[in-house]
Structure formats: structure tokens, C-alpha cells
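J.: okay, structure incoming, though there's no sequence with it:
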């Protein structure tokens with residue numbers, strides 16, 4: 001399975017469909033999708049890092065919490081993620097997020113949050129797929 005994401009209109013919100021060969025790759029694709037939506041596709045570079053540790057109930061919760069953390073880093077610090085080294089525990093996520101610090105001027109869209117509304121995540125024989133709805 002290849003990896004990627006696709007933006008879809010969803011009533012007054014935006015839905016993002018994600019796919020990747022592993023859950024780790026899916027989480028990275030999700031971060032890239034959120035930043036792409038925030039910046040309207042602006043190039044994001046840099047080797048700045050941020051450490052993230054999240055407690056999660058399950059894989060669905062982990063996806064939403066992770067994407068909201070990526071959003072929070074962008075909106076609060078102007079830190080735009082473009083990659084991450086992630087490790088997962090049963091109920092946690094630890095990551096070194098790699099991106100561009102001080103890039104607030106690249107943010108061109110408003111995103112309020114990643115929601116649990118219409119959330120789905122599945123692990124199939126060919127990889128992982130998910131859909132998250134973004135409150136814009």
C-alpha cells in the first residue's frame with residue numbers, strides 16, 4: 001500500500017481521508033494533511049524539533065489527539081510539522097516532531113479542531129485507513 005491523504009468537503013467542515021501501510025505512517029500523513037490544510041499547501045521545511053507525549057484511550061483517540069497536538073503546535077508556536085519519529089505504547093504516543101519553527105506567517109486557513117464526529121479508523125490486510133473531520 002502506498003501512503004497519502006485526500007481532502008473532502010464535509011457539510012460545514014472538512015473531512016480528511018488518510019491511508020498508509022502502518023499506523024505510524026498514517027499518523028505522519030495526518031500531520032502533513034493538517035499542516036497542508038492550514039497553510040493551503042505552502043512548502044514547509046526545517047529541522048527544528050518538538051517533543052510530544054500523549055496519553056490515549058485507543059487508536060482512534062490517539063489519531064485525534066495527535067492531530068490536535070499538531071494543530072496546537074502550529075497555532076500556539078507557529079511550528080509547522082512536516083515529519084515525525086513516533087513510537088506507540090498501548091495507551092500512549094511519543095514523538096519527535098520535525099518541522100519549521102517561527103512559520104506563523106505561512107498559516108493561511110483557520111482550523112478550530114480535529115473532531116471525533118464521523119471518525120473511523122481501520123486496519124486491513126493492505127494497511128491502515130482513516131477519516132477525520134476537521135472543524136473549520
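T.: That came in fine, so what should we check first? Quick caveat, the model's predicted, so the values are computed rather than measured.
J.: quick one: the residue nearest in space to the middle of the chain from residue 125, how far?
T.: Note on the chain: the residue nearest the mean C-alpha position is residue 31, at 2.6 Å, using C-alpha atoms, centre = their mean. Separation of residue 31 from residue 125 (C-beta to C-beta, to the nearest Å): 25 Å. Just so you know, the C-beta spots here come from the backbone N, C-alpha and C atoms, and that holds for glycine as well.
J.: ok, now residue 79?
T.: 36 Å.
J.: these two: which is more packed in?
T.: Ranked by neighbour count (other C-beta atoms under 10 Å), residue 79 and residue 125 place residue 79 first, with 23 against 5.
J.: got phi/psi on that one?
T.: Main-chain dihedrals, residue 79, degrees, to the nearest 10: phi -90, psi 120.
J.: so who does the residue nearest to it when sequence neighbours are not counted touch?
T.: Once flanking residues are discounted, residue 79 sits nearest to residue 73: 4.4 Å by C-beta to C-beta, 6 or more residues apart in numbering. Shown here is residue 73, whose contacts under the criterion C-beta atoms under 8 Å, 6 or more residues apart in numbering are 50, 52, 79-81, 97, 99.
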